[in-house]
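**Q** Mind looking at a prediction? Sequence and model below.
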Amino acid sequence: MLERAVGARAAKQARGLPTGRPAKLNATTRAGAAQRIKDGAIPEQVAADLGVSRSTLYRELRKHREGHVGVGPVGQEG
């Protein structure tokens, strides 16, 4: 099973397709969430409105601060 997964991942990378799990929030949503918190919104409420956990929101906000926009190789979603 692991060999098939590695082969499938390599084939997707060769075609230029993203691998790994998709990000919960896109760059636009991350920017909106960051702005809401900057304007004084409670992070727990912003996370609930977006349908993600508080820890996911903070992880996505860190990506926003660091300027990540795309999805890289497995384990390096961005």
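**A** The structure has been received and is ready for your questions. Numbers count the residues shown, from 1 in each chain.

**Q** From here on, just use CA atoms for contacts and neighbour counts.
**A** Fine.

**Q** which other helices and strands contact the host helix or strand of residue 47?
**A** In the assignment (DSSP states H and E), residue 47 maps to helix 43-50. Secondary-structure packing of helix 43-50 (3 or more C-alpha pairs under 8 Å, 6 or more residues apart in numbering; DSSP states H and E): helix 27-38, helix 54-66.

**Q** can I get the ones you listed in CSV with mean neighbour count and distance to residue 7?
**A** Shown next, in CSV, are the helices and strands packed on helix 43-50 (neighbours: other C-alpha atoms under 10 Å; distance: least, C-alpha to C-alpha, whole Å):
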stretch, mean neighbour count, distance to residue 7
helix 27-38, 16, 30
helix 54-66, 16, 29
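
**Q** quick one, phi/psi of the most centrally placed residue in the chain?
**A** With distances taken as C-alpha atoms, centre = their mean, residue 23 lies nearest the centre of the chain, 3.0 Å away. In terms of degrees, to the nearest 10, the main-chain angles of residue 23 are phi -70, psi 150.
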